[in-house]
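# My questions concern the predicted model and sequence given below.
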Amino acid sequence: MEGRVTALSLSREKGVPKENVPEVRIVRGYGVEGDAHGGPWHRQVSFLDTATLEYMRRILGREVRPGELAENVTVDLDLSQVKVGDQILAGECLFEVTQIGKKCHSGCAIFQRVGRCEMRNRGVFTRVLKGGVLRVGDPVKILRREKT
């Protein structure tokens, strides 16, 4: 499976909407440089596919811009079959999938702003194995984990 990075987003503070940027620096063991959600944990960089944004547009009856659901990387690649342990090669950066979806809570800033949060079902969370510069338009490929 191959596609492209369609948007990159970051927020310097938690709870505020992410801003779209043309490129980001991905830091191994941290995530997106300057993003408030980075750090030495298992959800360093979040991915969402454009199909989810289109789904949200139909549900809400309005445009949902990339980054509005707090994802860092939006791709035009179907992420619905990605599994924990798979890797994502995006540009020169390599990510390992650590979690699919997340628990939503009543104080969720996304839910309060948007009225619904599909990161709980469709968000793909990763840790950085290899950093570098990631740009809008870079190729994206899913590397399946070997079954043992």
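Cool, got the structure. Residues are numbered from 1 along each chain as shown.
# switch to C-alpha atoms for all contacts and neighbour counts from now on
OK.
# Touching, Thr126 and Cys93? I think so.
No: assessed by CA atoms under 8 Å, Thr126 is found out of contact with Cys93, at 11.7 Å.
# Could you check how many residues crowd around Val97?
Around Val97 there are 24 other residues, counting by other CA atoms under 10 Å.
# what's the helix or strand for Arg4?
Using DSSP states H and E, Arg4 maps to strand 2-10.
# Just read off the phi/psi values of the spatially most central residue of the chain.
The chain has Phe47 as the residue nearest its centroid, 1.9 Å off, counting by CA atoms, centre = their mean. Note on Phe47: backbone dihedrals following degrees, to the nearest 10 are phi -120, psi 150.
# On the pLDDT front, check it for me.
pLDDT recorded at Phe47 is 97.
# Which of the helices and strands in the chain ranks last by mean pLDDT?
Within the chain, no helix or strand scores below helix 109-114, which has a mean of 52 by mean pLDDT, DSSP states H and E.
# Give the next helix or strand downstream of the biggest helix by length in the chain.
Taking DSSP state H as the criterion, the chain has its longest helix at helix 50-60. The C-terminal neighbour of helix 50-60 among helices and strands, as given by DSSP H and E, is strand 73-75.
# who does that following strand touch, helix- and strand-wise?
Using 3 or more CA pairs under 8 Å, 6 or more residues apart in numbering; DSSP states H and E, the elements in contact with strand 73-75 are strand 2-10, strand 45-49.
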